[in-house]
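*Asks:* Turn this into a model:
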Amino acid sequence: MFRLPAVLLGAFVALSGFMGDAAAETAAEFYRGKVVKLVVGYGAGGGYDTYARLLAPHLEAQLGATVVVENRPGGGGNLALNRLMTAKADGLTLMLINGRASTVSQLVGTEGVRFDLTRLTVLGRVTSEPRVILFSAASPYRSLADAQGSDRVIKWGAAGRTDSLASVAAMASTALSLNSEIIMGYKGSKEAGLAAIRGEVDALVLSESSAAKYAKGGMVIPIAVFGRERSELLPELPTVFEVASLEDDAAWWADYTEQLTKIGRIFVSTPDVPEDRTRFLRQAVQAVLEDPQIVRDMASQKRPIRAETAEQVEQYISGSLAALDEASLARVRSVVLEKYYPD
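*Replies:* You can find the predicted model right below:
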């Protein structure tokens, strides 16, 4: 069997290391002075838009590029994600997506969905936040017991059927046996929150950071966390398990919601980004999200960072997509897509 002389082998290893360094330098040089689009699939002023705009300057510093936030609302973020799938695979288009909602859209086969999360270039998780049920102060409800005992239809604000506003509302309504109807058409959490303030809808489900924001004026009232763990931002707020009696079947909906929620708000790019640029982008994202000062600054604005690596996020996505048997998947499809919508 032929063996390379030790001197040649050492030279080969050194050359390999040099080539790896050169590739990283090439990626850094590629981004220097470029314009990177950071797409948000929701309207301005909502939670995703806020996170994107707060983090964009820090990404600029890491990439050496100008990062421009673009809002492309529609379809609960699905339309922008569809476009990302076919955008140029040069690593210059990033998107901050609702990983939970996107996974649900793909899972239930939402009409018009043309993306595949397993093909996207995942860059890392910004945060994962528990979901909070809130009632409008203009509604007659001040507790889950009020809602559960009401014959009146409870109207929930949402954008599209599989966004987090709608799908969590559907799962919560099923778990709590609520007489609900989901009203679509609001362009993200900001519009849905304003609709609740105006009394157009009775209820909505928000991330803990958005819930804390909208609760300040007293026009929207946080009721409970839809899960087993309390919110760090709203520590006095009980969970649904503390204020409602949930049998195993009902509890499943809250537990599956928590599993999906782990995916969180994630940075992604197009499929097939060159490997050296993927490594560079992932390093830049992690450097931002693990910077102690940035984490403190975001926390002070009630926009927590709970970072996870790209590899861990990919595991969350693949695990959630493969978690349901046929019977469970059919049940989720029925609840998410059909049960709470007018004929």
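*Asks:* How about Lys34: what's its closest non-neighbour residue?
*Replies:* Excluding the flanking residues, the one nearest Lys34 by CB to CB, 6 or more residues apart in numbering is Ala65, at 4.5 Å. (Glycine included, C-beta is placed from N, CA and C.)
*Asks:* so who does the one you found touch?
*Replies:* Applying CB atoms under 8 Å, 6 or more residues apart in numbering to Ala65 gives the contacts Tyr31, Arg32, Gly33, Lys34, Val35, Val36.
*Asks:* Produce a ChimeraX select command limited to the buried residues of those residues.
*Replies:* In ChimeraX, this line selects whichever of the contacts of Ala65 come out buried by 16 or more other CB atoms under 10 Å:
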select :31,36
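*Asks:* Strands - which of the contacts of Ala65 land there?
*Replies:* Judged by DSSP state E, the contacts of Ala65 include Val35, Val36 as members of strands.
*Asks:* With pLDDT and distance to Ser300 added, can I get the contacts of Ala65 in CSV?
*Replies:* Output for the contacts of Ala65, formatted as CSV (pLDDT from 0 to 100; distance: CB to CB, whole Å):
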residue, pLDDT, distance to Ser300
Tyr31, 97, 29
Arg32, 96, 31
Gly33, 95, 32
Lys34, 97, 31
Val35, 98, 30
Val36, 98, 26
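*Asks:* Just send the contacts of Ala65 back as CSV, with distance to Leu233 too.
*Replies:* Converted to CSV, the contacts of Ala65 look like this (distance: CB to CB, whole Å):
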residue, distance to Leu233
Tyr31, 34
Arg32, 37
Gly33, 38
Lys34, 36
Val35, 34
Val36, 30
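*Asks:* how does the protein divide into domains?
*Replies:* Structural domains annotated on the chain: 33-129+263-321, 131-261+325-339, as defined by automatic domain parsing.
*Asks:* For those domains, give me TSV that also has distance to Thr26.
*Replies:* TSV is the format used below for the domains of the chain (distance: least, CB to CB, whole Å):
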stretch	distance to Thr26
domain 33-129+263-321	6
domain 131-261+325-339	37
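*Asks:* is it true that Asp291 touches Leu59?
*Replies:* No - applying CB atoms under 8 Å, one finds Asp291 not in contact with Leu59, separated by 11.3 Å.
*Asks:* between the two, who's got more neighbours?
*Replies:* A count of neighbours by other CB atoms under 10 Å puts Leu59 above the other of Asp291 and Leu59, at 20 against 16.
*Asks:* Local confidence estimate at the nearest residue to that one once chain neighbours are set aside?
*Replies:* Distance criterion CB to CB, 6+ apart; nearest residue to Leu59, sequence neighbours excluded, is Val67 at 4.9 Å. Predicted confidence (pLDDT) for Val67: 98.
*Asks:* Numbering from 4 from now on, please.
*Replies:* I'll keep to 4 as the first residue from here, and by that count the last item is Val70.
*Asks:* Correct me if wrong, but Val70 is in a strand.
*Replies:* Yes - assigned with DSSP: H, G, I helix; E, B strand; the rest coil, Val70 falls within a strand.
*Asks:* residues in contact with it?
*Replies:* Val39, Lys40, Leu41, Ala59, Pro60, Leu62, Glu63.
*Asks:* mind redoing it with 7 Å?
*Replies:* Val70 sits next to Val39, Leu41, Ala59, Leu62, Glu63 when contact means CB atoms under 7 Å, 6 or more residues apart in numbering.
*Asks:* Equivalent analysis for Glu232, please.
*Replies:* Contacts of Glu232 (CB under 7 Å, 6+ apart): Pro133, Thr242.
*Asks:* Helix, strand, or coil at it?
*Replies:* Three-state call for Glu232 (three-state DSSP): coil.
*Asks:* Sketch out the strands for the stretch 104-253 of the chain, chain order is fine.
*Replies:* Counting by DSSP state E, counting those that start in this stretch, one finds strands in the stretch 104-253 of the chain at the ranges 124-130, 134-139, 157-160, 183-186, 206-210, 223-228.
*Asks:* For the most centrally placed residue in the chain, name its beta-bridge partners.
*Replies:* By CA atoms, centre = their mean, the chain has its centre lying nearest to Asn101, at 2.5 Å. In this entry, Asn101 is beta-bridged to Arg268, by DSSP bridges.
*Asks:* looking at it, it is touching Ser167, isn't it?
*Replies:* Yes - in this structure, Asn101 is within contact of Ser167 by CB atoms under 7 Å, at 5.7 Å.
*Asks:* For stretch 160-172, list every residue counted as buried.
*Replies:* In terms of neighbour count (16+ other CB under 10 Å), stretch 160-172 has its buried residues at 160-172.
*Asks:* for stretch 201-221, same thing?
*Replies:* Residues of stretch 201-221 classed as buried by neighbour count (16+ other CB under 10 Å): 203-218.
*Asks:* Can you get me the centre-to-centre distance for that stretch and its chain?
*Replies:* 18 Å (CA atoms, centre = their mean, to the nearest Å).
*Asks:* Dump the C-alpha coordinates for that stretch into PDB.
*Replies:* Extracted C-alpha coordinates of stretch 201-221, given in PDB (Å, rounded to 0.1, in the frame of the first residue of the first chain):
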ATOM      1  CA  ARG A 201     -60.100  48.800  19.100                       C
ATOM      2  CA  GLY A 202     -62.300  45.900  20.100                       C
ATOM      3  CA  GLU A 203     -62.600  44.400  16.500                       C
ATOM      4  CA  VAL A 204     -61.400  41.100  17.900                       C
ATOM      5  CA  ASP A 205     -61.700  39.700  21.400                       C
ATOM      6  CA  ALA A 206     -58.500  37.800  21.700                       C
ATOM      7  CA  LEU A 207     -55.100  37.100  20.200                       C
ATOM      8  CA  VAL A 208     -52.000  35.000  20.900                       C
ATOM      9  CA  LEU A 209     -48.600  36.800  20.900                       C
ATOM     10  CA  SER A 210     -45.000  36.100  21.800                       C
ATOM     11  CA  GLU A 211     -44.100  37.100  25.300                       C
ATOM     12  CA  SER A 212     -42.200  40.200  24.100                       C
ATOM     13  CA  SER A 213     -45.100  41.500  22.000                       C
ATOM     14  CA  ALA A 214     -47.500  40.600  24.800                       C
ATOM     15  CA  ALA A 215     -45.500  42.700  27.300                       C
ATOM     16  CA  LYS A 216     -45.500  45.600  24.800                       C
ATOM     17  CA  TYR A 217     -49.200  45.600  24.200                       C
ATOM     18  CA  ALA A 218     -50.200  45.000  27.800                       C
ATOM     19  CA  LYS A 219     -48.600  48.300  28.900                       C
ATOM     20  CA  GLY A 220     -51.600  50.500  28.100                       C
ATOM     21  CA  GLY A 221     -54.100  48.100  29.700                       C
END
